[in-house]
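Enquirer: give me coordinates for this.
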Amino acid sequence: MNRRTLWMALVVTSALFYVGCGCGNSLKVEITQAPTTSAPLATSSVTAVVTHDKEAGGVNWSCTPVGTCGSFNPTQTASGVASVYTAPSTAGTVTIIATSVDKPSRFASTSVTITTATALNYTFYVTGEENDGAENDGSGDVYCIAGVVAIAQTASGDGSFAVVGGEQDYNDGDGHTATQDAFTGGNLVLAGDGSGNGTLTLVTASGEPGIDGTETFAVNFPNANHALITQFDESATSSGSLDLQTSTALPSGSFAFTSTGASFTDDSDDEFVPTAFGGVITITSGAVTGLFDTNVGGNVTIGTTITSGDVTLGTPDNYGRGTINGSLAGSGSLVYYTVGPEVFRVIDTDSVGLDTAVGSAYGQGSGTFSSGSIGQSVFSFGQAFTGYGAAGEFFTSAEDGAKPRAKPEGIGSACTGIGLCAFNGVGDLNELFAPVQLTAQPITGDFMVGTNGYGSLNFGDGVFGDVETFGVYAVDPALNILDPNDTTDGGGGALIAEMDPDLIGIGSIVPQTDTGVAHFNGTYSFGGQGDTTEEDEFDFLGGATASSDGTVIFNGTGAVADPFGALTDSPGDYSGVGFSGTATPDGTNPGRYTIPLLFNFDSDEFTAQTTIYQAYAGQLFWVETDDFSYFVGPLETLSGPYDYAKKRTKNKKH
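Expert: Numbers count the residues shown, from 1 in each chain. Prediction:
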């Protein structure tokens, strides 16, 4: 048996036999689905079938030893309808019992072994576009997923790592939802070449998302605690993040948050408008106060106040899932999943109002900020549903009537207080449907940040295409927005949400601390989400090496989700795609590079004219500037060759 230690042993779900009378036409009970083994606190589906059940009462679920055997939700189900079983917290053997409601003397039972080892939980989220040609009941809808997956620490005989529990919420904004949907199986398979590439498969109890309820994701781990993730099963395409969960406690303290998605205005035609939300909140014993901004299809509302009692957070379950009660950022049906004490993901689960969104909340540390909290920075923002993306860099100074020059030595006095400060720099923007493509565009404007981290940023009129106004929401200076478990690099900055009538999206501002070309060197994880002029979304991720000697040679492999044929002649999902190119430094703007990025599909090729901005050696952002397609996404340094046999730690055509 393969005993490489990664997480813990597998969970097997199988059909089981019933106990009870099976004679003649009398009522009998059979348990048809239940786990034989389970990790502590893991969830599994259990199903019983009752034959000759004239009153259609179904079964009551129970277990022994009473009080230490776990729980069921719901405790009563109709014949053939699943209940979710949550295992107890301690190891041992328990007995699951399904008893006829109409004839309590008739029952079935089965034994479950609760293992001594534990799994590691990962919180994840994705958003993207469903494939209306796949088996998912969608119609090209925007969709969002957020959840937690529990993955075993010990490899099974085939080298994969079993999914032993977890749950998710799914919403396509068009009436298709699955809430608190338990995972009944799946696995994680990782490449052995140190690239960080892999495949995560999740089997859901509802059978809703993916292909008949089986979701497949391509993943790339830049380190043991964090991965880029994209859906990879042709039912949809998406991008997001997967991060080690270090806390399941009720969030507390001050947070900045943003989310993005779509709101459907005409159910019959699947017409939707993009949405963006952002704000700052304080959570005290579950009670929420603060203020937020909303942009629904260009209808902008700034500074809505949340007073005490308006919004509360429910107590999270064993997987860190809790409800947000009351209206926050335009929705009254929100669920959160914790990542750690300072980070949680938020998803809109509204199946009635026909909207969907997903986003994140990041802690603010001490919660005290000023305009000086934003200094020399790199930014990235966009939204695939709007069809635009941008990246750039800027310097800041006090607003004294003279704009700062484009080099650090020309900045002048530093920003202080909560008044307006100036910025200028350079950016690349692709508004695919405008169409507007700007490269190395000089940018200027002003911004301010209040003591609570809530502020705004304004580009000069016509300076950067249709980009004008953002809400700014500052985060803890010690918190890495891309990788919240990384406590050594990349902390601080702000979340941003665009509050314009024409462009609607979210992004981030991160401090720029290193523009050295020689430091853009080593092994990187990369990803991107984009669109074409045909309104076909594509997503990709992978691992690559960058070797620097005046220029940067970029070379790697990864996966491309292309279910609509955006980049290829044959729609589908592609693994082992080659990515290569030479990144040339911008001699005028340190930290900026241009690269013709080649996607090599073996039988097909695609070259994207791309710009890269370097925040520091371990964190960069890129944007495609072609007039027929665009993408935007991150590049992150691998902490070292990815050792999938090592136990996880909390360290760091056209």
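Enquirer: now stretch 50-63: how far from the chain's centre is it?
Expert: 40 Å (Cα atoms, centre = their mean, to the nearest Å).
Enquirer: and it, how far apart are its ends?
Expert: 18 Å (Cα to Cα, to the nearest Å).
Enquirer: what's it in contact with?
Expert: For stretch 50-63, contacts defined as Cβ atoms under 8 Å, 6 or more residues apart in numbering pick out 25-30, 46, 48, 69-70, 72, 74-79, 81, 83, 85, 94-102, 104. The way it works is simple: take the backbone N, C-alpha and C, and place the C-beta from them, glycine included.
Enquirer: what about the stretch 251-400 of the chain, any weak spots by pLDDT?
Expert: Along the stretch 251-400 of the chain, the parts satisfying pLDDT under 70 run over 265-270, 330, 353, 399-400.
Enquirer: that one: strands as residue ranges?
Expert: 253-266, 271-284, 287-296, 299-313, 321-325, 334-340, 343-348, 355-363, 377-383, 388-398 (DSSP state E, counting those that start in this stretch).
Enquirer: hey, which of those strands is tucked in deepest?
Expert: strand 343-348 (a mean of 28; mean count of other Cβ atoms under 10 Å).
Enquirer: partners of that one, with directions?
Expert: Strands adjacent to strand 343-348 in the sheet, as given by DSSP bridges, are strand 334-340 (antiparallel), strand 355-363 (antiparallel).
Enquirer: got JSON lines for these, with distance to residue 283 too?
Expert: Below are those laid out as JSON lines (distance: least, Cβ to Cβ, whole Å):
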{"stretch": "strand 334-340", "distance to residue 283": "10"}
{"stretch": "strand 355-363", "distance to residue 283": "9"}
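Enquirer: which among those strands is found nearest to residue 151?
Expert: strand 334-340 (15.3 Å; Cβ to Cβ).
Enquirer: now do that closest one and strand 299-313, the angle between them.
Expert: Comparing the axes of strand 334-340 and strand 299-313 via axes from the mean of the first three to the mean of the last three Cα atoms, to 10 degrees yields an angle of 70 degrees.
Enquirer: on that earlier part again, any chance of the strands of the stretch 251-400 of the chain in CSV, plus distance to residue 605?
Expert: Output for the strands of the stretch 251-400 of the chain, formatted as CSV (distance: least, Cβ to Cβ, whole Å):
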stretch, distance to residue 605
strand 253-266, 32
strand 271-284, 31
strand 287-296, 38
strand 299-313, 42
strand 321-325, 43
strand 334-340, 38
strand 343-348, 36
strand 355-363, 33
strand 377-383, 25
strand 388-398, 22
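Enquirer: which one of those lies closest to residue 497?
Expert: strand 271-284 (3.3 Å).
Enquirer: now for the closest one, which elements pack on it?
Expert: With contacts taken as 3 or more Cβ pairs under 8 Å, 6 or more residues apart in numbering; DSSP states H and E, strand 271-284 sits against strand 253-266, strand 287-296, strand 299-313, strand 355-363, strand 469-474, strand 494-498.
Enquirer: quick one: strands adjacent to the first one?
Expert: Each strand paired with strand 253-266, and its direction, by DSSP bridges: strand 271-284 (antiparallel), strand 355-363 (antiparallel).
Enquirer: just to revisit the earlier point, list buried residues within the contacts of stretch 50-63.
Expert: With burial judged by 16 or more other Cβ atoms under 10 Å, the buried subset of these is 27-30, 46, 48, 69-70, 72, 77, 79, 83, 85, 94, 96-101.
Enquirer: now do the contacts for residue 534.
Expert: For residue 534, counting by Cβ under 8 Å, 6+ apart, the contacting residues are 564, 566.
Enquirer: likewise for residue 513?
Expert: Here residue 513 is in contact with 376, 615, 616 (Cβ under 8 Å, 6+ apart).
Enquirer: most surrounded residue in those?
Expert: Within the contacts of residue 513, most neighbours by other Cβ atoms under 10 Å means residue 615, with 29 neighbours.
Enquirer: could you say what helices and strands the helix or strand harbouring that residue packs with?
Expert: Using DSSP states H and E, residue 615 maps to strand 605-616. Applying 3+ Cβ pairs under 8 Å, 6+ apart, we find strand 605-616 packed against strand 377-383, strand 388-398, strand 592-600, strand 619-624, strand 629-637.
Enquirer: show me how far that strand is from its chain's centre.
Expert: Centre to centre, stretch against its chain (Cα atoms, centre = their mean), the figure for strand 605-616 is 22 Å.
Enquirer: how far off strand 377-383 does that strand point, in degrees?
Expert: Using the same axes, to 10 degrees: strand 605-616 against strand 377-383 is 140 degrees.
Enquirer: give the buried residues for strand 605-616.
Expert: Neighbour-count burial for strand 605-616 flags 606, 608, 609, 610, 611, 612, 613, 614, 615, 616 (criterion: 16+ other Cβ under 10 Å).
Enquirer: and stretch 49-64, by the same measure?
Expert: Going by neighbour count (16+ other Cβ under 10 Å), the buried part of stretch 49-64 is 49, 50, 53, 57, 58, 59, 60, 61, 62, 63.
Enquirer: tell me the least confident of those residues?
Expert: For the buried residues of stretch 49-64, the weakest pLDDT value sits at residue 53, with 86.
Enquirer: what lies in contact with stretch 243-253?
Expert: Here stretch 243-253 has contacts from 120-124, 148, 224-227, 282-286, 313, 315-320, 322, 336, 338-344, 361, 363-364, 367, 483-485, 648, 650, using Cβ under 8 Å, 6+ apart.
Enquirer: how long is that stretch end to end?
Expert: 21 Å.
Enquirer: mind listing what's buried in it?
Expert: Quick answer for stretch 243-253 (16+ other Cβ under 10 Å): 243, 244, 245, 246, 248, 250, 251, 253.
Enquirer: residue 506: which of these is nearest?
Expert: Using Cβ to Cβ, those come closest to residue 506 at residue 243, 17.9 Å.
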